[in-house]
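Peer 1: What follows is a protein structure lacking sequence information:
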């Protein structure tokens, strides 16, 4: 860990580095806690995965703009203990690069933020925490609705349904793994059945892109990775702040609404083969919606609000398309544990999509009560 201590020491941190130890279990970035001497704070050191986030300069510019804007709003509101309510990233020392908030060394990228003490995250997905999440992510969007900075897309076209369908068409045309040309057996027939079902709903699921082109649906600054464990809670159980800001970028509000429900409203994991247990949980939908509508009430347009049930259906459909394209391509993107892993994921997400579609009238009725 000596090299990590040296890297942390190139940032404008207070105190001397006493210890660096692994923190959390993130899947994208390597994260460490930096313990310092004296009365100053401890810090979080992260290695940014530049294989996923290829433009680190844009990534950090986005994050600095977002955290700066939120901090100014909290200060204007007279909030106390602001360093526990918004992340603060530390610039490099002058001799290491000056005002930049990241270090590039030997092709690896690093950043440091202040560690939020006496805070915790939860993995729990139930109605109580789903409502917390809805309000927290809705409030996060609301605070950024008037941000003056122009943010870029850290992962271009991340939630573009038209693009995902084009990628599937390319995967079908190439059939790199030769999986579609197995018409004489059951798996081959199933694959064509999945394609038919995707084709049946493809145009309908591209509604967001059409509404945007027609000038009816704005792009806003969204989190784009809305999970319960991307919120920090205080000791008393109140939400402190939203974390994991790498995917914060312009998108439709459907990204934050639908992506949360895709995982939270499914009682089993996205790769569970137990399709009889896959179901769209309306209790989770209602709880998250209650919180989200509270958080976004000041800016959400009628078009955005009336299409929230569409968003709940869009994201399992989009993920099914992505899993299926990867399966046809020979499993080159998602990690797999066995040969049909991506096909199992596809079946699971198509079942969740079907369940959500059946419940659209119930979702619409509920939203009318809020």
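Peer 2: That came through fine. Here the structure is a predicted model, which means the values were calculated and not measured. Residues are numbered from 1 along each chain as shown.
Peer 1: how about the strands in the stretch 101-250 of the chain?
Peer 2: 103-105, 108-114, 220-222, 231-233, 239-242, 249-251 (DSSP state E, counting those that start in this stretch).
Peer 1: So what touches the third one?
Peer 2: Applying C-beta atoms under 8 Å, 6 or more residues apart in numbering, the external contacts of strand 220-222 come out as 66, 141, 144-145, 147, 151, 248-253, 255-256, 299. The way it works is simple: take the backbone N, C-alpha and C, and place the C-beta from them, glycine included.
Peer 1: Among those, which ones are in helices?
Peer 2: 66, 141, 253, 255-256 (DSSP state H).
Peer 1: other SSEs contacting the helix or strand harbouring residue 348?
Peer 2: Assessed by DSSP states H and E, residue 348 sits inside helix 341-358. Where contact means 3 or more C-beta pairs under 8 Å, 6 or more residues apart in numbering; DSSP states H and E, helix 341-358 is packed against helix 186-205, helix 253-264, helix 308-328.
Peer 1: how far out from the middle of the chain is the shortest one?
Peer 2: Looking back up the chat, that one is helix 253-264. 8 Å (C-alpha atoms, centre = their mean, to the nearest Å).
Peer 1: how big is the angle separating the very next helix or strand once past that helix from helix 308-328?
Peer 2: The element immediately downstream of helix 253-264 (helix or strand, assigned by DSSP H and E) is helix 282-296. If you take axes from the mean of the first three to the mean of the last three C-alpha atoms, to 10 degrees, helix 282-296 sits at 120 degrees to helix 308-328.
Peer 1: Low-confidence ranges, the stretch 201-350 of the chain, go.
Peer 2: Residues of the stretch 201-350 of the chain meeting the criterion pLDDT under 70: none.
Peer 1: Next, the contact list for residue 145, please.
Peer 2: 220-221, 298-299.
Peer 1: which residues touch the residue nearest to the spatial centre of the chain?
Peer 2: Most central in the chain under C-alpha atoms, centre = their mean is residue 225, positioned 1.0 Å from the mean C-alpha point. Residues counted as contacts of residue 225 (C-beta under 8 Å, 6+ apart) are 244, 246-247, 259.
Peer 1: ranges for the helices of the stretch 51-200 of the chain?
Peer 2: Residue ranges of the helices in the stretch 51-200 of the chain, as given by DSSP state H, counting those that start in this stretch, are 56-76, 127-143, 161-174, 186-205.
Peer 1: Determine which two of the contacts of residue 225 are furthest apart.
Peer 2: Farthest-apart pair in the contacts of residue 225 is 246 and 259; separation 14.2 Å (C-beta to C-beta).
Peer 1: So for those two, which sits in the more crowded spot?
Peer 2: residue 259 (27 against 21; other C-beta atoms under 10 Å).
Peer 1: What's the separation between the more buried one and residue 170?
Peer 2: Applying C-beta to C-beta, to the nearest Å, the value for residue 259 to residue 170 is 24 Å.
Peer 1: Next, count neighbours for residue 140.
Peer 2: 25.
Peer 1: Please apply the same query to residue 51.
Peer 2: Other residues close to residue 51 by other C-beta under 10 Å number 7.
Peer 1: what's it sitting at in phi/psi?
Peer 2: phi -80, psi -30 (degrees, to the nearest 10).
Peer 1: The closest residue to residue 35 other than its chain neighbours: which element?
Peer 2: Leaving aside its sequence neighbours, residue 35 sits nearest to residue 19 (C-beta to C-beta, 6 or more residues apart in numbering; 4.2 Å). Using DSSP H and E, residue 19 falls within strand 17-22.
Peer 1: what packs against that strand?
Peer 2: helix 2-8, strand 30-36.
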